[in-house]
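Q: Predicted model follows, preceded by the sequence.
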Number of protein chains: 2
Amino acid sequence: MHQNIVQAPLAPLDRQSSLGELAYESLKDTIIRGQCEPGTKLTVRSVAQALHVSTTPARDAINRLIGEGALVNLGPKTVVVPVLTMAVLDEVTKIRLALESLAAQEATPHVSEDDIAFLEDTQEKLNTALDERRYMEVLRLNKDFHFRIYDRSQMPRLVAMIESQWLRIGPSFNGLYPEFAIKRQGVANHQWALRGLKDRDPATVRAAIENDLRDGYRRLSNLVHARGD
Amino acid sequence: MHQNIVQAPLAPLDRQSSLGELAYESLKDTIIRGQCEPGTKLTVRSVAQALHVSTTPARDAINRLIGEGALVNLGPKTVVVPVLTMAVLDEVTKIRLALESLAAQEATPHVSEDDIAFLEDTQEKLNTALDERRYMEVLRLNKDFHFRIYDRSQMPRLVAMIESQWLRIGPSFNGLYPEFAIKRQGVANHQWALRGLKDRDPATVRAAIENDLRDGYRRLSNLVHARGD
DNA sequence: AAATGTAATTTGATGCAACAAAAATGTTGA
DNA sequence: TCAACATTTTTGTTGCATCAAATTACATTT
């Protein structure tokens, strides 16, 4: 029995860079969107078939995602999209607090007028999307907001590490409860961060981001608890 | 012209788990020991030949190490052991401060009597090795000391992230200047950390580890600067 | 000599087949 | 009905041939 795990939301795989790279991007995108229900088994051959490539690029993509923690190796022949447990959420949150507050703090001196304009624009769109209950877009805009700041830290390795932490949490919620991921309270934190950026005050930006993460943690931990029924 | 890049210090590759896993461990060990001079090109075929495996496991190992940042992809067909620049050292140090201070702090409440005994024993051996100028062993013992603490944080993902930061710095010094990596001042920091662990005072342990990292940073940055001649 | 163009070689990527390990399935016996 | 066993299928791993791209070596010209 061949499970067709990954089919609908696949990019057509235009040929630009290597197939392994494209397979990785496509698979990652599918996972981060929550299109693969956590717990779903992934096999080399099913991924290869879904992406219309041979086993080698599929294997590469899976291995890479395992390395990032976006997939986990349960048994000897079972890789799955991990189900977020309370223990993992706690650990990832602590890691995120350490990394993202560092990025926010380091970014502050390097934020330009253009960055501020982009962030204000993004926040406005975010508010609109929130009003109109377009939650998937809210998630995307929220990510844009955060990473525009982090990018300015000029610490590319740090940004990559932060991304892989988001990749650990996203799959369990983005597809299932997008409406819970962001709420009104997040807006206040973003405004607070924007104020800190304009004032070029790293401590304020840091505090605002930390508060944003803590708020998010509370909502997510409620969901994890609720799921235990 | 076939450069035999990785030859002497290769483990014989006994067959226990997958070849890819063994190739990864062997190659990683070679790199971390500084046996591959930074800047050295690695090719799939040369690694495969050195490890007496086919190209597939060799490719897997290289890809995995690229993912971890232990190897970098310069050109389209050139992966090298990265040469540590000042920019990278600065970034990695900031990341390490964030991650390792978190690990030290979280570990403190979970440290047992056995852990303390191990740490004191390790520190004693470290002092001896330092006196007898067995610097490679000093490096190993220093790593044992730090990671025994970090392990107790009960945050396995965090520990893995810390390890990959060590992997970014080690290759450029362990093989070249092992005598500079640890000095007397490190001893005081370790004793300070031990005191904090015995008192179960997370703030002290955290401060001691941070100080240890900062001392290490000063020494390493001197080396990086000196190398610019 | 230095620059330039061309041929030979090296190299990563990719697909594929074979194999052994592990699951899944089916069957038997109580 | 369920547990234990045997069989079939699935699956990751590994090695290898092929191909196109990239690098290197070399010859030619200025």
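A: It's in.

Q: The strand or helix carrying residue A:97: what's the following helix or strand?
A: Taking DSSP states H and E as the criterion, residue A:97 maps to helix A:86-107. Next helix or strand after helix A:86-107 toward the C-terminus (DSSP H and E): helix A:113-131.

Q: Please give the centre-to-centre distance between the helix or strand just after that following helix and its chain.
A: Note on helix A:113-131: by DSSP H and E, the next helix or strand toward the C-terminus is helix A:135-151. Centroid displacement of helix A:135-151 relative to its chain, using Cα atoms, centre = their mean, to the nearest Å, is 9 Å.

Q: now stretch A:187-205
A: Worked out by Cα atoms, centre = their mean, stretch A:187-205 lies 22 Å from the chain centre.

Q: What lies in contact with it?
A: A:104-109, A:111, A:115-116, A:119-120, A:123, A:126-127, A:130, A:145, A:149, A:206-209, A:211-212, A:215 (Cβ atoms under 8 Å, 6 or more residues apart in numbering or on different chains). Any C-beta I mention is one placed from the backbone N, CA and C, and that applies to glycine too.

Q: and if you look at stretch A:103-113?
A: A:149-155, A:158-159, A:162, A:193, A:196-197, A:200-203, A:205-206, A:208-209, B:94.

Q: can you pull the buried residues of it?
A: Using 16 or more other Cβ atoms under 10 Å in any protein chain shown as the test for burial, stretch A:103-113 gives A:103-108, A:111.

Q: Give me the distance between the two termini of that stretch.
A: Using Cα to Cα, to the nearest Å, the end-to-end distance of stretch A:103-113 comes to 18 Å.

Q: got the angle between the longest helix seen in chain A and helix A:86-107?
A: If you go by DSSP state H, chain A has its longest helix at helix A:202-227. Relative orientation of helix A:202-227 versus helix A:86-107 (axes from the mean of the first three to the mean of the last three Cα atoms, to 10 degrees): 160 degrees.

Q: Helix, strand or coil: sort out residue A:74 for me.
A: Classification of residue A:74 using DSSP: H, G, I helix; E, B strand; the rest coil returns strand.

Q: nearest spatial neighbour of it, skipping sequence neighbours?
A: Once flanking residues are discounted, residue A:74 sits nearest to residue A:80: 5.7 Å by Cβ to Cβ, 6 or more residues apart in numbering or on different chains.

Q: what about that neighbour, neighbour count?
A: Residue A:80 has 17 neighbours, counted by other Cβ atoms under 10 Å in any protein chain shown.

Q: distance of it from residue B:70?
A: 26 Å (Cβ to Cβ, to the nearest Å).

Q: middle-most residue in chain A, spatially?
A: Nearest to the mean C-alpha position of chain A, by Cα atoms, centre = their mean, lies residue A:166 at 3.4 Å.

Q: how about residue A:43, phi and psi?
A: Backbone torsions for residue A:43, taken as degrees, to the nearest 10, come to phi -120, psi 150.

Q: Run a quick neighbour tally on it.
A: The burial count for residue A:43: 17, using other Cβ under 10 Å.

Q: so what's the residue nearest to residue A:74 bridging to?
A: residue A:41, residue A:72 (DSSP bridges).

Q: I figured it was touching residue A:41, is that so?
A: Yes: shown here, residue A:80 and residue A:41 form a contact pair, counting by Cβ atoms under 8 Å, at 5.4 Å.

Q: Specify the residue ranges that define each domain of chain A.
A: Domain assignment of chain A by automatic domain parsing yields the ranges A:19-80, A:86-227.

Q: okay, how far is it across the shortest one, tip to tip?
A: The first residue of domain A:19-80 is 22 Å away from its last residue (Cα to Cα).

Q: Return the residues of chain A in contact with chain B.
A: Applying Cβ under 8 Å from any Cβ of the partner chain, we find that chain A lies next to chain B at A:60, A:63-64, A:67-69, A:88, A:91-92, A:94-95, A:98-99, A:102, A:106, A:155-158, A:161, A:168.

Q: helices and strands of chain A: which one has the lowest mean pLDDT?
A: helix A:178-181 (a mean of 64; mean pLDDT, DSSP states H and E).

Q: ok, now which ones touch the nearest residue to residue A:170 once chain neighbours are set aside?
A: Closest residue in space to residue A:170, ignoring its immediate chain neighbours: residue A:32 at 4.8 Å, by Cβ to Cβ, 6+ apart. Going by Cβ under 8 Å, 6+ apart, residue A:32 touches A:70, A:166-167, A:170-171, A:174.

Q: Residue A:157 now?
A: Counted by Cβ under 8 Å, 6+ apart, residue A:157 has contacts B:69, B:88, B:91-92, B:95, B:168.

Q: State the helix or strand in which it lies.
A: Counting by DSSP H and E, residue A:157 is part of helix A:156-169.

Q: average pLDDT for that helix?
A: The predicted model assigns helix A:156-169 a mean pLDDT of 96.

Q: what comes up buried for it?
A: A:157-159, A:161-162, A:164-169.

Q: immediately after the least confident helix or strand of chain A, which helix or strand?
A: helix A:184-198.

Q: Could you check the angle that following helix makes with helix A:202-227?
A: 160 degrees.

Q: so how far is helix A:184-198 from its chain's centroid?
A: Relative to its parent chain, helix A:184-198 has a centroid offset of 20 Å by Cα atoms, centre = their mean.

Q: Stretch A:20-31 too?
A: That offset, for stretch A:20-31, works out to 14 Å (Cα atoms, centre = their mean).

Q: So for it, what gets flagged as buried?
A: Applying 16+ other Cβ under 10 Å to stretch A:20-31 flags A:20, A:22-24, A:26-28, A:30-31 as buried.

Q: Equivalent analysis for stretch A:87-96, please.
A: So stretch A:87-96, judged by 16+ other Cβ under 10 Å, has buried residues A:88-89, A:91-96.

Q: Between these, which sits nearest residue A:226?
A: Taking Cβ to Cβ as the measure, residue A:226 lies nearest residue A:89 of the buried residues of stretch A:87-96, at 12.9 Å.

Q: circling back to that earlier point, format the contacts of residue A:32 as a markdown table; extra columns: distance to residue B:223.
A: Putting the contacts of residue A:32 into a markdown table (distance: Cβ to Cβ, whole Å) gives the following:
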| residue | distance to residue B:223 |
| --- | --- |
| A:70 | 36 |
| A:166 | 35 |
| A:167 | 35 |
| A:170 | 40 |
| A:171 | 42 |
| A:174 | 45 |
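
Q: quick one: pLDDT of residue A:15?
A: 40.

Q: Likewise for residue A:219?
A: In this prediction, residue A:219 has a pLDDT value of 88.

Q: How many neighbouring residues does it have?
A: 16.
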